[in-house]
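Student: just coords:
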């Protein structure tokens, strides 16, 4: 489960960077999924965080992605982007150009649904119950801060201390 959570958070962070580039007028945008499939990167992230922290990280990167997507003008959503999707072994399973809005629709409608079903199955098999998550964000979202990923744009309750 931790591997999948890291994969989701890291890929969303890659999409955040691409969305920001598109919003700023970028025309040579590449979505490279190698880092979010790299066993060393994911292993280091898992070693630094609890499973609950990883769930919080997914929440935070999803918020960052939503914010970045909202910043893209409608006419820029048709930007062609180079998409390179790697497997866990580092081999590329897909390397082609897609329209940005189609890539995001695929992410929202297909990829995340598959990940959610997989995580749900793992949780069911493990007999896990969803734990209450603390809120540490002014917007009321629970998530952890990870040093090599961007800080939450909503600020932390700790900022007021």
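Tutor: Nice, I can see it. Predicted model only: the values in this text are computed from it and were never measured.
Student: can you count the residues close to the nearest residue to residue 8 once chain neighbours are set aside?
Tutor: Spatial nearest neighbour of residue 8, chain neighbours left out: residue 58 (5.2 Å); criterion: Cβ to Cβ, 6 or more residues apart in numbering. The way it works is simple: take the backbone N, C-alpha and C, and place the C-beta from them, glycine included. Number of residues near residue 58 (other Cβ atoms under 10 Å) recorded here: 23.
Student: just the element for residue 58, please.
Tutor: For residue 58, the element it lies in under DSSP states H and E is helix 51-70.
Student: by contact count, what packs against that helix?
Tutor: Judged by 3 or more Cβ pairs under 8 Å, 6 or more residues apart in numbering; DSSP states H and E, helix 51-70 is in contact with helix 2-23.
Student: ok, and what's touching the helix or strand that comes right after the helix it packs on?
Tutor: Reading on from helix 2-23 to the C-terminus, the next helix or strand found by DSSP H and E is strand 30-32. With contact meaning Cβ atoms under 8 Å, 6 or more residues apart in numbering, strand 30-32 is reached by 14, 15, 18, 81, 82, 83, 84, 86, 103.
Student: what is the lowest-pLDDT residue among these?
Tutor: Here the lowest pLDDT out of the contacts of strand 30-32 sits on residue 86, with 89.
Student: before we move on, back to that, list the buried residues for the helix or strand just after the helix holding residue 58?
Tutor: As assigned by DSSP H and E, the chain's next helix or strand after helix 51-70 is strand 80-86. Judged by neighbour count using 16 or more other Cβ atoms under 10 Å, the buried positions of strand 80-86 are 81, 83, 85, 86.
Student: how distant is the following helix or strand past strand 80-86 from the center of its chain?
Tutor: Following strand 80-86 in sequence order, the next helix or strand is strand 92-99 (DSSP H and E). Counting by Cα atoms, centre = their mean, to the nearest Å, strand 92-99 is centred 18 Å from the centre of its parent chain.
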